[in-house]
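Enquirer: Structure for the following, please:
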Amino acid sequence: MAVKIRLKRLGKIRSPHYRVVVMDSRAKRDGRAIEEIGIYHPKNDPSVIEVDSDRALYWLGVGAQPTEAVVALLRRTGDWQKFSGEDSPSGVEPQKPRKDKVALFNAALAEADAEPATAAISKSKKQQAAEEAAEAEAAADEAPVEAAEPVEA
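Expert: Down below sits the predicted model:
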């Protein structure tokens with residue numbers, strides 16, 4: 001039986017998630033796998049690559065053939081270099097978390113010593129209309145009520 005290490009697609013349309021699996025080369029792309037040895041989520045920022053190194057090296061050692069995409073993932077994790085003896089460095093580097101845009105906006109305002117002309121996050125038209133209606137009601141409640149003169153008919 002020819003065994004391959006390949007990607008099994010999961011997820012929704014335009015939101016793929018893959019599992020790195022070991023399966024018979026004649027099986028369907030999303031068919032039954034012999035073993036799942038990792039995950040790959042390309043749409044996350046940064047993309048998630050997790051591979052069980054021991055199992056990947058075992059399957060490579062017993063003759064499983066990886067696809068080109070899996071070889072690229074194994075190079076990123078460094079497992080391919082361990083198996084083949086290449087000198088190239090692994091490509092996965094921990095990435096810094098992104099900065100909060102609202103916090104950056106407020107920090108820039110603090111540096112400029114100015115109040116914002118608008119909010120960093122604007123309100124929807126429905127929220128603005130509701131606030132204006134509430135202010136109008138509050139103004140109407142505060143206005144003094146004058147005695148109404150009787151109208152003769």
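
Enquirer: Going by C-alpha atoms from here, please, whenever you check contacts or count neighbours.
Expert: Fine.

Enquirer: Run a quick neighbour tally on V21.
Expert: 24 (other Cα atoms under 10 Å).

Enquirer: how many neighbours does G38 have?
Expert: 18.

Enquirer: One more: R29?
Expert: 13.

Enquirer: For the closest residue to it other than its chain neighbours, name its beta-bridge partners.
Expert: Leaving aside its sequence neighbours, R29 sits nearest to K8 (Cα to Cα, 6 or more residues apart in numbering; 6.0 Å). For K8, the beta-bridge partners are R19 (DSSP bridges).

Enquirer: Wait, K8 touches A27, no?
Expert: No - K8 is not in contact with A27 according to Cα atoms under 8 Å; the separation is 11.0 Å.

Enquirer: more neighbours, those two?
Expert: More neighbours surround K8 than the other of K8 and A27, with 22 against 12 (other Cα under 10 Å).

Enquirer: Give me the common contacts of K8 and A27.
Expert: With Cα atoms under 8 Å, 6 or more residues apart in numbering applied, the contact sets of K8 and A27 do not overlap.

Enquirer: Can you point out the buried residues in stretch 10-26?
Expert: Neighbour-count burial for stretch 10-26, counted by 16 or more other Cα atoms under 10 Å, picks out 17-24.

Enquirer: and the most centrally placed residue in the chain, how far is that from P16?
Expert: The centroid of the chain falls nearest to N44 when counting by Cα atoms, centre = their mean (3.9 Å). For N44, the distance to P16 equals 10 Å [Cα to Cα, to the nearest Å].

Enquirer: Please report how far A139 lies from E131.
Expert: For A139, the distance to E131 - Cα to Cα - is 12 Å.

Enquirer: Kindly apply the preceding question to E86 instead.
Expert: E86 is 66 Å from E131, by Cα to Cα.

Enquirer: Equivalent analysis for K125, please.
Expert: Remark: distance between K125 and E131 (Cα to Cα) = 10 Å.

Enquirer: Comparing these two, which residue is more hemmed in?
Expert: More neighbours surround E131 than the other of K125 and E131, with 12 against 9 (other Cα under 10 Å).
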